[in-house]
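Chemist: structure of the sequence below:
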Amino acid sequence: MAASHHDKPPPLDMSHHYSVITKRRQPSQIKQAYKFFQIPGILNIAGGLPNVEFFPFDTLEAQAAKPKRWTPSPNHPSEPAASASSSDPAAANHLAVPKTLHETDPLKKIDLSTALQYGLAQGYPPLYSWVRQFTRENLHPDTPYRDGPEVIMTCGATDGFAKTLSLFVDQWTEGVNDISERPGLLCEHFVYSNVLSQAQPFGVQVVPVKSDASGMAVKGRGGLEDVLANWDPSKGKRPNLMYTVTLGHNPTGIVLSVERKKEIYDVCSKFDVIIVEDEPYWYLQFPSAAVEEAKSHGQPLPPAPQSPTQPTPTRSSSGYPFLDSLTPSFLSLDTDGRVVRLDTFSKTVAPGCRLGWITAQPALIERYERITESTTQQPSGFVQGLISELVLSSSPQNQLARSTFSRLFLSSSSSSSTDSAKSFTGWDTSGFVRWLAGLRGSYERRMTRMCRILDHGSTLVSASALHPSSTSEWSPLAVSKTTLFSYSWPRGGMFIWLRAHLETHPLWLAPCPNPRFPVLNGPPLSAALMVWLTTKPFRVLVTTGSMFSANDEIRKEEGWKYYRICFAAEAEENVDRAAERFVQGVHEFWKVTDVRVVEKMLGELGASGEVRAVGEDVSRLGWYNMGC
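Modeler: Sure thing, here's the model as predicted:
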């Protein structure tokens, strides 16, 4: 008789065999801290998830997929949202990858017999070829070094950064290696926290650089030049690696100008710093934001900017007006070949495809290829085959193969609809760019709607009776206006970076009986507000700025002031509702004058400050992957 589960001995503790890097790994703050997503009726404006309504797939059936065909409307917030699906009766219903295609050119052969085999580390040949051409000719046609950049496919941007650390960083251990050898990573004060989780196990010292309203600062105390020029060697090796998101920065939503990029690049060239440019939101730049923000605030409209991004005699056209309108990459300035750019299909196709690419000078790509050969080997063949069909498969041979596949598939299925026989013929580059333009327009409209609601609710107007003087016969009402939060409209990306003015709360600096929080200053009030927003009737989830603080000092001094709000993840009908619930929750929180109410919210914090479940509606929740 087999022993019961409880009679079996536990496994031995093998942690003494762990590597130094393994011992240093900490749980991801974003992926660990939130247990709230499954609260009944809660609206998630915390995680960096793209909206599923915009995915180009409706369902996946066997070896086929149904692309949602939409007609993207122009990028004006006042116009109606783009149609998510076409009413055209000729629109395709299936995306088919044939089992075998009789094609001798490997760059044109997209079939299961090649996609599901072991493949090249650089990527599935048809997709790699398309990405390389798209990158060199359309995205970055003017990279200023000889022969231009090369690319290699990755399992998403996180994989790309992991391989970047492997390429440029030597592990450092205190007590084993000399402090002069400790590597450093330059980044903004607020940064995507998973990057920190990846770098710190290597012993990397995170070196924050101050930012202003225009992004990473170059001049002045704490700016990039000051940090590098006045580096103290007793703290470690002067940093030679920088991580940044310049276009739709996560979490602040800033779009770095070409002028600021030039200043940053010149300093990095002077001090020999590698620039790692992570750009998942590059296509989500919002040209209407400045004007719409001025309208919402009742301010004079800003002058039309002189865009440096349009083709000039010294700058080639990408071939597509939409791409020409985007602020160029650091690659457009990269005379030295020191830029490593991370791209991904996560925000344009689907996060779960785990597919992206690295762009860099050829010698660096060769090193990335060697790393890939001995680690991931290649991204998923299933995914590469599917994305290949989606973005480029429009050749007559492939159309014939797909048509044959569709007939075979439909003959064995229960569907009797003649419309189902129509097969998707691939976007090609122009179709993909058209998709990106429509995607940008949809997110821009969402951002505008949410910001208008937040603007309207950013202050609290209240009235209180004045004490009558000896000569007065009545008590007039004094009207006060309290600023609850402030922010700048994001110029790109998926996030609103909101500054909560907790110092205006009536309980600011009030004594608290909780021994862990004897005074209600910034950190406890910030945490209490986040928990408060998850309770009825608000039921809305946001992310605190502490999640994105580059170090403990920034977390304690600045992180508690901010919240990141995502306008991308929720369904279209919930965008306004989520913003309204947030405003309602903040207003009601400012009306709390009983310390015990705040203390109850703080009671939901664990020993290390993490948020635990709140009430019976949340007690059964598990961890939720917040993406980015």
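Chemist: residues near the nearest residue to Pro208 once chain neighbours are set aside, how many?
Modeler: In space, and not counting its chain neighbours, Pro208 is closest to Ala550: 4.1 Å by Cβ to Cβ, 6 or more residues apart in numbering. All C-beta atoms are positioned from the backbone trio N, CA, C, and that covers glycine. As a burial measure, Ala550 scores 23 neighbours (other Cβ atoms under 10 Å).
Chemist: now for this protein, the helix or strand with the poorest mean pLDDT.
Modeler: The helix or strand of the chain with the poorest confidence is strand 64-67; it has a mean of 34 (mean pLDDT, DSSP states H and E).
Chemist: tell me the SS of the nearest residue to Ser462 once chain neighbours are set aside?
Modeler: Counting by Cβ to Cβ, 6+ apart, Ser480 is the residue found nearest to Ser462 once chain neighbours are left out, at 5.5 Å. Classification of Ser480 by DSSP: H, G, I helix; E, B strand; the rest coil places it in strand.
Chemist: how far away is the residue nearest to Pro208 from Val206?
Modeler: The gap separating Ala550 from Val206 is 5 Å, by Cβ to Cβ, to the nearest Å.
Chemist: spit out the residues that contact these two alike.
Modeler: Cys187, Leu196 (Cβ atoms under 8 Å, 6 or more residues apart in numbering).
Chemist: list the residues that contact Glu293.
Modeler: So Glu293 contacts Cys451, Ser488, Trp489 (Cβ under 8 Å, 6+ apart).
Chemist: let's go with 6 Å and repeat that
Modeler: Trp489 (Cβ atoms under 6 Å, 6 or more residues apart in numbering).
Chemist: what's the average pLDDT for the helix or strand where it lies?
Modeler: Counting by DSSP states H and E, the element that carries Glu293 is helix 289-297. Mean pLDDT, helix 289-297: 94.
Chemist: just stretch 553-573 next, same as before
Modeler: 92.
Chemist: could I get the buried residue list for that stretch?
Modeler: Residues of stretch 553-573 classed as buried by neighbour count (16 or more other Cβ atoms under 10 Å): 554-555, 558-570.
Chemist: by how many degrees do the biggest helix by length in the chain and helix 289-297 diverge?
Modeler: Scanning the chain for the helix with the most residues, using DSSP state H, yields helix 428-456. If you take axes from the mean of the first three to the mean of the last three Cα atoms, to 10 degrees, helix 428-456 sits at 20 degrees to helix 289-297.
Chemist: which strands and helices sit next to helix 428-456?
Modeler: If you count contacts as 3 or more Cβ pairs under 6 Å, 6 or more residues apart in numbering; DSSP states H and E, helix 428-456 packs onto helix 289-297, helix 575-590.
Chemist: export these as TSV, with columns for distance to Ala360.
Modeler: Below are these laid out as TSV (distance: least, Cβ to Cβ, whole Å):
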stretch	distance to Ala360
helix 289-297	31
helix 575-590	37
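Chemist: looking at those, which is nearest to Ile387?
Modeler: helix 575-590 (28.1 Å; Cβ to Cβ).
Chemist: give me the distance from that closest one to the chain's centre.
Modeler: Offset of helix 575-590 from its chain centre (Cα atoms, centre = their mean, to the nearest Å): 23 Å.
Chemist: quick one on the thing from earlier: name the next helix or strand downstream of the helix holding Glu293, please.
Modeler: For helix 289-297, the succeeding helix or strand toward the C-terminus, using DSSP H and E, is helix 321-324.
Chemist: which of the residues in that next one are buried?
Modeler: Buried residues in helix 321-324 (16+ other Cβ under 10 Å): Phe322, Leu323, Asp324.
Chemist: appreciated, that's everything.
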